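Q: here is a sequence together with a model predicted from it:
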Amino acid sequence: MTAANALGTTNAAGPAVGFTGFSDSAQAMSLVAFTAVATITLLLCVMTGPDRDDLDEFYTGYSSLSPMRNGLAIAGDYISAATVLGTSGIIALTGYDGVVLALSTALSLMLLMFLLAEPLRNAGRFTMGDVLARRMPGRAVRMAACGVTLAALLPMMLVQLAGTGNLLSFLLGFSGDSLKTGCIIGLGALMISYAAIGGMKGTALIQILKIVMLLGTGIAVAALVLRRFGWDPGTLLTAAAGNSGVGNAFLHSGLEFAGGPAPRLDMISSELTVVLGGACLPHITMRMYTANSARQVRRSLSWAVPSVALFVPVIAVIGFGATALVGRETIAAADPEGNTAYLLGSRAAFGATVSTAGTLLFTAVTTAVFLTLLASVAGMILACANSLAHDVFAARVHEMPPRREMVLARLSALAVGAPAILLATLVQHRGLQPLVTLSFCIGASALAPALVYGLFWRRYTRTGLLWTLIGGTLTVLVLMTGTNLVSGSPTAFFPDADFNWFPFTTTGLVSIPLGFAYGWLGTIVSGRRQAAEQRRQYEAVEGWILAGAIRRSG
């Protein structure tokens with residue numbers, strides 16, 4: 001069922017009322033707002049875009065963003081459409097378990113802030129490959145880093161692109177597949193333009209605009225929800241539990257994983273995957289390279305962490321409000337994964353009659369979600385394009401001219417974005433939760449061990465690094481095929497098949513320890529001579545990585 005049909009479940013009958021519960025003129029207002037946002041953001045990218053031969057400006061924006069702007073851009077990259085729509089949906093459908101998952105996302109950014117941010121900034125220049133090749137130079141390392149970057153971010157891009165088609169179908173009131181596919185293609189092209197034209201600075205400005213709109217509208221809607229319940233969170237929770245169909249179980253742990261053989265372990269696996277995976281995804285870590293000092297990266301994250309932490313109670317209130325006002329059964333019928341809960345809760349917060357001010361606010365809410373979709377995919381395309389151009393193509397040529405690498409980076413945005421658009425049109429009618437989970441699992445099982453070992457373990461060798469990246473990624477891909485997100489349930493990617501053999505929803509409880517084990521084992525089998533050589537190489541750059549003694553240019 002489309003988002004348009006989902007919102008239709010709350011409509012009052014009337015000839016001039018569309019799927020959203022607003023008049024046709026209100027839908028026209030939303031369309032105008034969407035068009036204006038798309039035009040303005042593209043114009044910002046053109047105005048802030050780098051020169052043709054200025055790599056530092058394209059990749060890092062000359063590290064010219066202030067800590068506040070860089071921190072808001074980090075928060076914007078971190079709060080993707082999957083967070084806004086997916087997490088609020090999980091809260092609306094599972095209650096307590098969804099809130100714990102939302103808190104895990106904030107904890108993940110805190111982990112990045114206190115453990116990895118400064119070493120990442122010191123070791124990296126443009127890409128994840130730069131970080132890992134700092135102490136282990138070589139094409140194999142860079143190509144492996146690029147491959148894992150693409151494997152981690154491509155599934156997430158598909159989810160956001162498919163969500164774009166659903167959102168516009170909600171706005172325009174249509175459910176035809178051809179029109180939704182056209183929306184995905186058109187807006188996907190716009191996202192590629194953001195990355196190719198704006199570079200790091202252009203996409204940062206879009207992320208800042210997005211996070212400001214998202215927080216502003218979210219706080220306003222959360223306040224409206226609380227007002228409906230006399231500003232008493234306890235009353236809201238009681239109403240949500242009463243309208244959930246499961247009673248007090250909605251407010252206790254275990255509802256999300258109740259059907260599995262080991263619910264507690266499944267929940268731990270999911271939380272561990274989110275905490276480690278979210279902190280290490282390449283489109284998040286690339287923002288660390290835009291800070292020009294260790295002090296600035298700390299100050300940037302001191303803005304990013306509170307922004308994300310503030311958004312957690314906002315989506316919690318809206319998610320619980322959706323259940324309390326609309327009903328868990330209606331939300332699940334609209335979308336089994338709950339992706340319409342954020343919009344359903346926002347619409348229901350206004351009550352049966354909607355004033356002009358309410359119409360304007362809801363237009364702002366849908367525009368903020370629309371901008372979130374655009375900005376999220378643009379940031380991911382940029383991270384993938386940067387890695388493809390810098391780690392694969394430029395690494396093949398000694399001293400490639402900056403202008404040529406800039407052209408390659410922009411062509412790489414097209415090379416990454418075009419297949420993503422095509423795949424998104426093919427998977428738009430399937431359950432997309434396994435794609436989101438796949439991204440976080442690869443981040444937690446391949447990138448997290450590689451970064452921890454690469455930044456802090458002196459004996460870590462090139463063989464150990466390659467085993468970590470390749471082994472961790474392949475392990476996730478194999479294990480994910482056996483989860484109930486892929487088959488064996490009505491909401492799975494293949495709902496009519498059942499080859500479910502893995503006992504957990506996410507692979508983290510098994511694949512994360514294996515990712516670290518691969519790195520240790522690869523280092524051990526490298527032999528003492530290679531380990532000793534690697535130790536000497538690490539000691540040569542240890543001051544740069546851990547203390548930022550010198551910021552190397554290469």
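A: That came through, no problem.
Q: looks like residue 336 contacts residue 431 (just checking).
A: Yes - counting by CB atoms under 8 Å, residue 431 is a contact partner of residue 336 at 7.2 Å. Quick note: C-beta positions are derived from backbone N, CA and C, even for glycine.
Q: continuing past the strand or helix carrying residue 520, what's the next helix or strand?
A: In the assignment (DSSP states H and E), residue 520 maps to helix 508-525. Reading on from helix 508-525 to the C-terminus, the next helix or strand found by DSSP H and E is helix 528-542.
Q: tell me the angle that following helix makes with helix 508-525.
A: Note on geometry: by axes from the mean of the first three to the mean of the last three CA atoms, to 10 degrees, helix 528-542 and helix 508-525 are set 110 degrees apart in direction.
Q: helices and strands around helix 528-542, which ones?
A: helix 462-466 (3 or more CB pairs under 8 Å, 6 or more residues apart in numbering; DSSP states H and E).
Q: what comes into contact with the helix it packs on?
A: 132, 136, 138, 140-141, 144, 450, 453-454, 518-523, 525-526, 530, 534 (CB atoms under 8 Å, 6 or more residues apart in numbering).
Q: what comes up buried for that helix?
A: Under the neighbour-count criterion of 16 or more other CB atoms under 10 Å, helix 462-466 has 462, 463, 464, 465, 466 buried.
Q: and of the residues you listed, the nearest to residue 66?
A: residue 465 (34.6 Å; CB to CB).
Q: from residue 529, how far out is that closest one?
A: 17 Å (CB to CB, to the nearest Å).
Q: check residue 368 too.
A: 57 Å.
Q: of the two, which one has the most company?
A: Using other CB atoms under 10 Å, the more surrounded residue of residue 368 and residue 529 is residue 368, with 24 against 8.
Q: mind telling me what element the more buried one is part of?
A: Residue 368 belongs to helix 356-387, assigned by DSSP H and E.
Q: helix or strand next in line after the longest helix seen in the chain, which one?
A: Ranked by residue count and defined by DSSP state H, the top helix of the chain is helix 139-172. Next in sequence after helix 139-172, counting helices and strands by DSSP H and E, comes helix 177-193.
Q: quick one: the next helix or strand after that following helix to chain centroid distance?
A: On the C-terminal side of helix 177-193, the nearest following helix or strand under DSSP H and E is helix 199-228. When C-alpha coordinates are averaged (CA atoms, centre = their mean, to the nearest Å), helix 199-228 and its chain have centres 15 Å apart.
Q: repeat for stretch 80-92
A: With CA atoms, centre = their mean as the basis, stretch 80-92 stands 11 Å off its chain's centre.
Q: not counting its own residues, what contacts that stretch?
A: Stretch 80-92 is contacted from outside by 97-99, 101-102, 105, 156, 159-160, 163, 214, 256, 311, 315-316, 318-320, 322-323, 328, 331, 335, 337-342, 344-345, 369, 372-373, 376, 433, 436, using CB under 8 Å, 6+ apart.
Q: again, but for stretch 480-498
A: Outside of stretch 480-498, the residues within contact range by CB under 8 Å, 6+ apart are 259-260, 336-337, 427, 430-435, 437-438, 441, 499-502, 504-507.
Q: are any of these buried, and which?
A: Among these, the ones that count as buried by 16+ other CB under 10 Å are 260, 336-337, 427, 430-435, 437-438, 441, 500, 502, 504-507.
Q: nearest the middle, which residue of the protein would you pick?
A: Geometric centre of the chain, nearest residue: residue 80, 4.2 Å, by CA atoms, centre = their mean.
Q: and that one, backbone torsions?
A: phi -90, psi 180 (degrees, to the nearest 10).
Q: how much space between it and residue 275?
A: 16 Å.
Q: ok, residue 311 next?
A: Relative to residue 275, residue 311 is positioned 17 Å away (CB to CB).
Q: again, but for residue 375
A: Taking CB to CB, one finds residue 375 at 23 Å from residue 275.
Q: let me know the closest of the buried residues of helix 462-466 to residue 286.
A: Here the nearest of the buried residues of helix 462-466 to residue 286, counting by CB to CB, is residue 465; it sits at 19.2 Å.
Q: quick one: contacts for residue 213?
A: With CB under 8 Å, 6+ apart, residue 213 has these contacts: 364, 367, 368, 371.
Q: got the CA coordinates for stretch 127-134 in PDB?
A: Extracted in PDB, the C-alpha atoms of stretch 127-134 (Å, rounded to 0.1, in the frame of the first residue of the first chain):
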ATOM      1  CA  THR A 127      38.300   9.100   1.900                       C
ATOM      2  CA  MET A 128      38.200   6.000   4.000                       C
ATOM      3  CA  GLY A 129      40.900   4.600   1.800                       C
ATOM      4  CA  ASP A 130      43.200   7.500   2.800                       C
ATOM      5  CA  VAL A 131      42.700   6.600   6.500                       C
ATOM      6  CA  LEU A 132      43.500   2.900   6.000                       C
ATOM      7  CA  ALA A 133      46.400   3.600   3.600                       C
ATOM      8  CA  ARG A 134      48.000   6.100   5.900                       C
END
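Q: give me the mean pLDDT for it.
A: Across stretch 127-134, pLDDT averages out at 88.
Q: ditto for stretch 222-240
A: Average pLDDT, stretch 222-240: 93.
Q: could you list the buried residues of that stretch?
A: 222, 224, 225, 226, 228, 229, 236, 237, 239, 240.
Q: now render these as TSV, adding distance to residue 42.
A: Shown next, in TSV, are the buried residues of stretch 222-240 (distance: CB to CB, whole Å):
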residue	distance to residue 42
222	31
224	32
225	34
226	37
228	38
229	41
236	40
237	42
239	43
240	40
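Q: nearest to residue 446 among the residues you listed?
A: Using CB to CB, the buried residues of stretch 222-240 come closest to residue 446 at residue 222, 36.2 Å.
Q: contacting residues for the nearest residue to that closest one once chain neighbours are set aside?
A: Excluding its sequence neighbours, the residue lying closest to residue 222 (CB to CB, 6 or more residues apart in numbering) is residue 317, at 4.1 Å. Residue 317 makes contact with 222, 225, 226, 233, 236, according to CB under 8 Å, 6+ apart.
Q: now swap in residue 104 and tell me
A: 270, 271, 274, 275, 278.
Q: so of those, which ones are in helices?
A: Using DSSP H, those in helices are 270, 271, 274, 275, 278.
Q: residues contacting the fourth one?
A: Taking CB under 8 Å, 6+ apart as the definition of contact, the neighbours of residue 275 are 104, 107, 108, 111, 444.
Q: mind running it again at 10 Å?
A: Residues near residue 275 by CB atoms under 10 Å, 6 or more residues apart in numbering: 103-112, 440, 444, 448, 508.
Q: columns pLDDT and secondary structure on top of those residues, output as CSV?
A: Below are the contacts of residue 275 laid out as CSV (pLDDT from 0 to 100; DSSP: H, G, I helix; E, B strand; the rest coil):
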residue, pLDDT, secondary structure
103, 91, helix
104, 90, helix
105, 87, helix
106, 87, helix
107, 90, helix
108, 89, helix
109, 87, helix
110, 88, helix
111, 87, helix
112, 86, helix
440, 95, helix
444, 95, helix
448, 95, helix
508, 93, helix
